[in-house]
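# Predicted coordinates and the sequence they were generated for:
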Amino acid sequence: MRHFYFLLTALLLSSPSTSAKEYTDGVFFVNEDWYGHQNSTINFLHPDDPDGNYWDYRIFQTENPGYELGCTNQYGAIHDGRLFLIAKQERDPGASITGGRITVANATNLKMLYQSTLIDPSGNQCDGRGFVGWDSHKGYISSSHGVWIFNLDDYTVTSMVRGTENPNGYSDGGNTNSAGALYHGQCGSMVRAVGYIFVAHQEYGLLRINPSTDEVDRIFTIADKTQEGAGIGSVVLAANNRLYLSVTKDTGGLGDMLPYLIEVDPETMDYRVINVPDPYYPPASSWYAWTPDGFCASARKNVLYWNGGFNSWFSGSMIFKYDIDSNTFTKIIDLVQEGGSSPWKLYGCSMRVHPETEELYMSLFHEFATPIYITRRTDSEGNKIKDYSMIQNYWFPSLPVFTVKEGQGIDDIHTQVIGITHLGGTSLSITGAIGQQLLIYSLQGLEVFSASITDESMIIDTNIPHGMYIARVADRSLKFIIQ
């Protein structure tokens, strides 16, 4: 099987391109699509097209005739110039083409580079969840049964990270059996920070993986910090280089959430519990039919966004914003109050914040039985900028993925935009700048400090005297004071 995919990769890379189209000016929308009828799809939105030609539909099939994604593809991430797509299964029951649990495509033209029906090389059922890249040679895939190490040089899954496994074993109850192991003890969302990979594990809490050893070196439990029986929903990395966790009432995946966020220092694992006050709802979570969740963070400002409601199953009407610096909660969108006999609702987790413009993109629908969808674009306060109508189809969108401009470094676009944050004293936090140099100048223009950026997220102690300085990384700068 492996030789087949290497041959396919070589043919695709060496064959003349049948399409000169490039997808570099907008947003990929990864769709679950219509379970029981067809495999998953990708649409591409050109949000500022001057002629109003906003949509390219089903672009993976268009660029790769005869090939399709797998079944219920929930996750997409751009890393090292490649789009990594992770599906729950390899083929929808109603589809005629077998796709893959893992699909890798060129992030510019969507030409397929690799596809595999398996995550677990032994052949045991192991359904896909998410992906995070470490460097150009290695990434990690989360699944219903552990986190797997993915060699990006030859596209082989080498092994499971010990300590991430599902304590309930492998599922033998079918893909849609919510009581089976597929939906208990899963690994879900993952982020990369300060030289580690952090994983939301349904049973254990937040796991920290050391990529140098590919072992779990810390386990951050939830119940002892909130209330008995509680678990983790998902994890996001904020612009302040802190982790933020949503909190489930239990680990059974029933959709009930507790009114907390937990802030975690990724280096020390120190934490604080943040109460989500009435009348606001905490982030919704979806272990019961896993998605990446609508919980997301700005790459530029210390702001979090999410959808929430009285139960995660009924959480598509309200969008909330948390300003970390001011400790302020706001409801920025209420689709029910917007009016209409059949109001719009957010579908599932399909909302993310643009890493450069701070705009929110979200997929809206009316009812599950109605194939009418739009994509809405708002500013950071929830004010509508534009609605993009779509052709009718049961898209069931999962995740917006923002394109990466040429010259950006390795990693998911959500953490790609360079950030410089003064943490107080002589310390600076630098994100999204692997391979760049941090340069610090006095106001007289003299260089007083320099350091190489070797990780996507770094905290650097400059150890320079009191005074006012300008920090610069690439084309970003920050004026700060050391008092």
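Yep, that arrived. Residues are numbered from 1 along each chain as shown.

# Now for N43, how many residues are close by?
24 (other Cβ atoms under 10 Å). Quick note: C-beta positions are derived from backbone N, CA and C, even for glycine.

# and it, how far is that from I141?
Look at N43 and I141: by Cβ to Cβ, to the nearest Å, they are 24 Å apart.

# Likewise for E22?
27 Å.

# what's the answer for W287, then?
18 Å.

# Pick out whichever of E22 and I141 has more residues nearby.
Between E22 and I141, counted using other Cβ under 10 Å, I141 has the larger neighbour count: 25 against 12.

# pLDDT at the more buried one, what is it?
Among the per-residue scores, I141 holds a pLDDT of 98.

# I figured it hits V147, correct?
Yes: the pair I141 / V147 is scored as a contact, 6.9 Å apart, by Cβ atoms under 8 Å.

# Okay, strands next: where are they in the stretch 301-450 of the chain?
303-308, 318-323, 328-334, 345-353, 360-365, 373-378, 384-389, 397-402, 419-424, 427-431, 437-442, 447-452 (DSSP state E, counting those that start in this stretch).

# In JSON lines: these, plus mean neighbour count.
JSON lines is the format used below for those (neighbours: other Cβ atoms under 10 Å):
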{"stretch": "strand 303-308", "mean neighbour count": "26"}
{"stretch": "strand 318-323", "mean neighbour count": "21"}
{"stretch": "strand 328-334", "mean neighbour count": "16"}
{"stretch": "strand 345-353", "mean neighbour count": "25"}
{"stretch": "strand 360-365", "mean neighbour count": "24"}
{"stretch": "strand 373-378", "mean neighbour count": "20"}
{"stretch": "strand 384-389", "mean neighbour count": "14"}
{"stretch": "strand 397-402", "mean neighbour count": "24"}
{"stretch": "strand 419-424", "mean neighbour count": "17"}
{"stretch": "strand 427-431", "mean neighbour count": "22"}
{"stretch": "strand 437-442", "mean neighbour count": "17"}
{"stretch": "strand 447-452", "mean neighbour count": "14"}
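
# quick one, which of these is nearest to G100?
Nearest to G100, of all the strands of the stretch 301-450 of the chain, is strand 397-402, at 16.1 Å by Cβ to Cβ.

# D461 is nearest to which of the strands of the stretch 301-450 of the chain?
Nearest to D461, of the strands of the stretch 301-450 of the chain and by Cβ to Cβ, is strand 427-431 at 5.2 Å.

# for that closest one, what is the average pLDDT?
Mean predicted confidence for strand 427-431 is 88.

# Please apply the same query to stretch 55-63.
pLDDT averaged over stretch 55-63 gives 98.

# buried sites along that stretch?
With burial defined by 16 or more other Cβ atoms under 10 Å, the residues of stretch 55-63 counted as buried are 55-61, 63.

# Quick check: strands, which of those are part of them?
Among these, DSSP state E puts 55-56 in strands.

# Tell me the one of the buried residues of stretch 55-63 nearest V30?
F60 (9.5 Å).

# What residue, apart from its backbone neighbours, is nearest the closest one spatially?
I42 (4.9 Å; Cβ to Cβ, 6 or more residues apart in numbering).

# angle of the helix or strand hosting the one you found against strand 397-402?
Assigned by DSSP states H and E, I42 belongs to strand 41-45. Taking axes from the mean of the first three to the mean of the last three Cα atoms, to 10 degrees, one finds strand 41-45 and strand 397-402 inclined to each other by 50 degrees.

# Identify all contacting residues around strand 41-45.
23, 26-31, 33, 54-61, 68-69, 76, 85, 110, 361, 375, 388, 390, 395 (Cβ atoms under 8 Å, 6 or more residues apart in numbering).

# Sketch out the low-pLDDT regions of the chain for me.
1-20, 171-181, 405-417, 444-445, 475 (pLDDT under 70).
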